[in-house]
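Trainee: Curious how this folds, go ahead:
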Amino acid sequence: MLIRSVATALALVLAGPALAQDAQAEAEATGTAEVQTLPDIPLGAQDAPLTVVEYASFTCGHCAAFHDQNWPKLKAEYVDTGKVRFIQRDVYFDQVGLWAGILARCGGDDKYYAVSDMLFEDQKKWLSGSNGEEIADNLRKIGLKAGMTDDQMTACWDDSAKAEQLIATFQKNATEDGIDATPTFVIGGEKVMNQPWEDLKAVIESKLEG
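Mentor: Sure thing, here's the model as predicted:
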């Protein structure tokens with residue numbers, strides 16, 4: 001019964017993309033206000049000399065690989081040392097990615113990166129569900145590990161207004177930065193495609209030196 005309840009709540013979110021697109025189209029046609037966008041969730045020193053933005057999708061295998069192999073190096077060498085202020089911006093290529101994005105923000109900004117890490121670490125496992133209900137149940141297990149309650153997650157997935165805001169935020173940021181693949185980085189204002197760590201590190205170092 002609980003799984004069915006969560007799956008039902010998730011199904012309600014599916015209206016989000018259509019609602020957001022309709023709102024955007026109407027705003028463009030009539031000049032009315034667009035759906036409100038959400039602020040970034042930064043990680044690292046506020047006065048860090050360099051900002052690195054990563055556009056990532058929770059259903060993207062290359063994004064999971066980056067977070068497994070390169071994110072620990074970026075965090076230890078640059079974020080934790082105060083050299084880089086890091087911002088992850090979610091990209092929603094599919095409905096399941098939106099569900100995961102909603103879960104990542106469900107525990108509040110303080111838990112966003114912890115939940116994000118769990119989603120990438122267990123990506124293959126939670127995506128292994130054969131249908132939406134099984135995937136919803138897998139995501140719910142991650143939320144429970146992160147300290148969320150069933151009711152809390154259901155409320156987040158049932159919040160169509162927040163889904164609209166997340167989609168509008170993704171559309172605005174990705175359009176402005178010309179994002180069409182993940183992971184893609186914006187390092188010191190420069191768009192940088194995914195590449196081996198040593199090459200990314202060289203870009204970061206050149207920005208810090210400049």
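
Trainee: tell me the mean pLDDT over the strand or helix carrying residue 163?
Mentor: With secondary structure defined by DSSP states H and E, residue 163 is part of helix 160-177. The average pLDDT within helix 160-177 is 94.

Trainee: distance between it and the chain's centre?
Mentor: Mean-position distance between helix 160-177 and its chain equals 11 Å (CA atoms, centre = their mean, to the nearest Å).

Trainee: residues of it that come out buried?
Mentor: Within helix 160-177, the residues scored as buried using 16 or more other CB atoms under 10 Å are 162-171, 173-174, 177. (C-beta placed from N, C-alpha, C; glycine too.)

Trainee: just those residues now: which is nearest residue 37?
Mentor: residue 169 (4.2 Å; CB to CB).

Trainee: ok, and what's touching stretch 102-114?
Mentor: Under the contact criterion CB atoms under 8 Å, 6 or more residues apart in numbering, stretch 102-114 has outside partners 13, 41, 43, 58, 88, 90, 115-116, 119, 139, 142-143, 146-148, 152-153, 156-157, 159, 162-163, 166.

Trainee: Give me the number of neighbouring residues for residue 137.
Mentor: Residues lying near residue 137 (other CB atoms under 10 Å) number 16.

Trainee: re the thing from before, sort out for me which of the contacts of stretch 102-114 are in helices.
Mentor: Within the contacts of stretch 102-114, residues falling in helices by DSSP state H are 13, 115-116, 119, 139, 142-143, 152-153, 156-157, 162-163, 166.

Trainee: so can I have a markdown table of those residues showing distance to residue 184?
Mentor: As requested, the ones in helices among the contacts of stretch 102-114 are exported to a markdown table (distance: CB to CB, whole Å):
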| residue | distance to residue 184 |
| --- | --- |
| 13 | 25 |
| 115 | 22 |
| 116 | 16 |
| 119 | 18 |
| 139 | 24 |
| 142 | 25 |
| 143 | 27 |
| 152 | 32 |
| 153 | 29 |
| 156 | 27 |
| 157 | 27 |
| 162 | 24 |
| 163 | 23 |
| 166 | 18 |
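
Trainee: List buried residues within those.
Mentor: By 16+ other CB under 10 Å, the ones in helices among the contacts of stretch 102-114 give 13, 115-116, 119, 139, 142-143, 153, 156-157, 162-163, 166 as buried.
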